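any chance you could fold what I've pasted below:
(2 chains)
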There are 2 protein chains.
Amino acid sequence: MKKIILSAMLLIAALSLGAQTKEDFKPATTNQPNHQYPMVNSQRMVRAQVKATDAKSVKLDIGGVKYDMVNDGTGVWTGDSAPQDEGFHYYQLEIDGASVPDPGSLYYYGASRWGSGIDIPAADEDFYTLKNVPQGEVSEVYYYSSVTGSMRHCYIYTPAEYKKNTNKKYPVLYLQHGGGEDEHGWPQQGRTGIIMDNLIAAGKAVPFIIVMDNGSDTYGPNNPRPERPAAGAPRPQGAPAQGAPQGQRPQAGRGGNPFAGMNFAGAFQSILEKDLIPMVEANYRVYNDGAHRAMAGLSMGGMQTHSIALANPKLFSWIGIFSGGVFSTEEVDSTPGFRENNKLIFISFGSRELENRIGGAADPRPITEELGKTGMNTVFYVSPDTAHEWQSWRRALYNFAQKLFK
Amino acid sequence: MKKIILSAMLLIAALSLGAQTKEDFKPATTNQPNHQYPMVNSQRMVRAQVKATDAKSVKLDIGGVKYDMVNDGTGVWTGDSAPQDEGFHYYQLEIDGASVPDPGSLYYYGASRWGSGIDIPAADEDFYTLKNVPQGEVSEVYYYSSVTGSMRHCYIYTPAEYKKNTNKKYPVLYLQHGGGEDEHGWPQQGRTGIIMDNLIAAGKAVPFIIVMDNGSDTYGPNNPRPERPAAGAPRPQGAPAQGAPQGQRPQAGRGGNPFAGMNFAGAFQSILEKDLIPMVEANYRVYNDGAHRAMAGLSMGGMQTHSIALANPKLFSWIGIFSGGVFSTEEVDSTPGFRENNKLIFISFGSRELENRIGGAADPRPITEELGKTGMNTVFYVSPDTAHEWQSWRRALYNFAQKLFK
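Numbering: from 1, shown residues only, chains lettered A, B, ... in the order given. Model prediction:
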């Protein structure tokens, strides 16, 4: 008996010393060309490495936790994280107190900065993996906005057949990023073009165009940026701190919208109505009615979608809100024209968001089910084992796209 | 007299202490959104700033020189560089021996890494400044290569009128980056789309399509990457060190090609002939003869253009070599078909490259003038006060594009 207890204690000690780490690390798919680090193992642990010959302290900062890295004596520092969820995560290194991008990774815009990102392999990664199927294009487009009085920047996905079927018109999805992100989010970390090409090649989605614009920076000479509150000034209640990582943002639910009262959707709605939609409909072979327009967004972009859909219910008949709240039956019925024009309300969350609802926010599932029972076409999708992060939103797009314009 | 000498000595001391720095620094145009640093002043000095609370040493590393930065006592480090040439430069920070991207800048691929870049205002920057003129698109395109056996990634610029004039065919320029760079170079730091839109809007260039591919990574299952020489193994004579900044690369001239014997153009020529040109000509409304095809490249891309033009003289009638060598009369006359098919040989350098020719390389101007006297249409362009850097190549493209397909 004593022997068994001793063995068990040794086992616990070995486990706590990290002896359980599987040494099957491979370079991440999101690394810079010819870079070996960061790596990921089959337990979804991240191993980072950086040369910092004169540093006293180097840390890997991922998922809201800072992991100490160790100097091998030659100034090369290496360290492992705990297992991460499947999919894409923002991260950074901390070198003697400086928070900097990892020189080994590619860079992404999120958490209000261009910085490191890493993709953790996922069981279902096939749907966002580049394949030799007919390829659409993601085009970088500048256009003049009368609302801002400046040139704006967006990305437009056109499906492979768009260049060939020159007499065919296409429907359009307007697809928005989250807070602290911008128009690069969906084409880069969202892998929108690859997801769509694979879906269309498999016959699972009808071909449509996707417009990805910047829903945060709506400023310009005609709409000046408001003065910033002084450092230390109180934030609006429930609003996330500037630069807070996506994973730590509060979750929205009925009555729990942390951006409520911030009117963040107003300027973007004007840009959509006056500049972006007219530009797209003047330059691309697209339908120009609400029945052939969809809007969706993640987190803040979902809240913008919610606000705009209620403010102008004829603009978009197909609506997707990914980790950004719900529509209640009350909202729908108090908005003239909404019920008649709408063809789909798609609501999604990561499963961990539903497990960890903040501040007693209402459960979004029964709210959506209740709306469905009133005759609206609703879909409620839950991404398994993911939080308020890009893997939830890649999966949301993959599922939403299959329902659109059918 | 003694007083004058003392005054002069004080002046020299003041100058050497940097007292001459003009405090008119402004945020660089290449900064991340809402970031104040790095800044540039009217003397073209760069001022970087980073928070590194526990660091012992922080340096600004730009133009091959490391400048000490100073801790203000709160862990915020600030430092200035010497004046830089006009235009775009790669740079990084060094924090306690770690070479990392500056968290304040946007990131670019060059010097064999994604890292910081900064644009120094230039007297002629108008030609590459975004304006409210008809906008073309820069599209991200994946295509399958039989040569590599893998999917490849390129960018394709189409002019504004391309979507409207659906019965018109366009000529095509294949435009290549330099060593340590990739297909992102021309659309991002090269500002290709903006330069072309401005030129076409001003009636200075005819509308054409530009294809920007990766001329360095030509590997895949069908063309495996060669094993790397062991660390410390001798490099091919004259070849630049891996990761050497662009500004320090040796300059090519007749007989001075530092990549000679490396056959770097062979695989890329096969990709062009078998995969890339067929893909473009199958998917875009373009002419499919050499008279309507141009190829140009900078540095290594210029050497590839030179090799491919001599190996297959019917492929491209319009040739541009930016800081990448020359064509000699002997080369032209020993290549059957070259003289008859060629319509333009455009050769350019930064003026500082011509001042600092390495290893007794021949002067490229008389070689080009000699070729012109034999009846070839040659242009020799020199970018004023710039070196082997992007400002030379933006100006080269601006001038070359005005001569093309006319």
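
please count neighbours and contacts with C-alpha atoms only from this point.
Noted.

can you give me how far stretch A:178-195 is from the chain middle?
Distance of stretch A:178-195 from its chain centroid, counting by C-alpha atoms, centre = their mean, to the nearest Å, is 6 Å.

hmm, I typed the wrong one, I wanted stretch A:80-91.
That offset, for stretch A:80-91, works out to 15 Å (C-alpha atoms, centre = their mean).

what's it in contact with?
Stretch A:80-91 has contacts (C-alpha atoms under 8 Å, 6 or more residues apart in numbering or on different chains) with A:43-48, A:60-63, A:67, A:69, A:101, A:108, A:110-111, A:115-122, A:189, A:245, A:385-386, A:389-391.

near chain B, list only the ones from these.
Checking these against chain B by C-alpha under 8 Å from any C-alpha of the partner chain, the ones in range are A:Pro101, A:Gly115.

just the buried residues of the contacts of stretch A:80-91.
A:43-48, A:60-63, A:67, A:69, A:101, A:108, A:110-111, A:115-121, A:189, A:245, A:386, A:389-391 (16 or more other C-alpha atoms under 10 Å in any protein chain shown).

so where's chain A uncertain?
Along chain A, the parts satisfying pLDDT under 70 run over A:1-19, A:228-264, A:358-360.

which parts of it are helices?
Here chain A has its helices, by DSSP state H, at A:2-16, A:192-201, A:264-271, A:277-283, A:300-311, A:329-333, A:338-341, A:351-355, A:364-373, A:390-403.

these: which one's closest to B:Phe322?
For B:Phe322, the closest of the helices of chain A is helix A:192-201, at 33.5 Å, according to C-alpha to C-alpha.

how many residues are close by the closest residue to A:Val280 other than its chain neighbours?
Nearest residue to A:Val280, sequence neighbours excluded (C-alpha to C-alpha, 6 or more residues apart in numbering or on different chains): A:Val286, at 7.9 Å. Counted with other C-alpha atoms under 10 Å in any protein chain shown, residues neighbouring A:Val286 total 18.

and A:Val286, how far is that from A:Ile209?
8 Å (C-alpha to C-alpha, to the nearest Å).

give me the common contacts of the two.
In contact with both A:Val286 and A:Ile209: A:Tyr170, A:Pro171, A:Val172, using C-alpha under 8 Å, 6+ apart.

so what's the residue nearest to A:Val280 up against?
Counting by C-alpha under 8 Å, 6+ apart, the residues that A:Val286 touches are A:Lys169, A:Tyr170, A:Pro171, A:Val172, A:Val280.

does the closest residue to A:Val58 other than its chain neighbours have beta-bridge partners, and which?
The shortest distance from A:Val58 to any non-neighbouring residue, by C-alpha to C-alpha, 6+ apart, is to A:Ile95 (4.6 Å). Judged by DSSP bridges, the bridge partners of A:Ile95 are A:Val58, A:Ala98.

and for A:Ile95, the neighbour number?
26.

from B:Val382, how far off is A:Pro278?
Noted for A:Pro278: a distance of 43 Å to B:Val382, by C-alpha to C-alpha.

looking at those two, which is more packed in?
B:Val382 (20 against 13).

report how many residues lie close to the nearest residue to that one once chain neighbours are set aside.
What sits nearest to B:Val382 in space, not counting adjacent residues and going by C-alpha to C-alpha, 6+ apart, is B:Phe349, at 5.1 Å. By other C-alpha under 10 Å, 30 other residues sit near B:Phe349.

what of A:Glu125?
Residues near A:Glu125, counting by other C-alpha under 10 Å, number 14.

separation between it and A:Ala205?
A:Glu125 sits at a distance of 18 Å from A:Ala205 (criterion: C-alpha to C-alpha).
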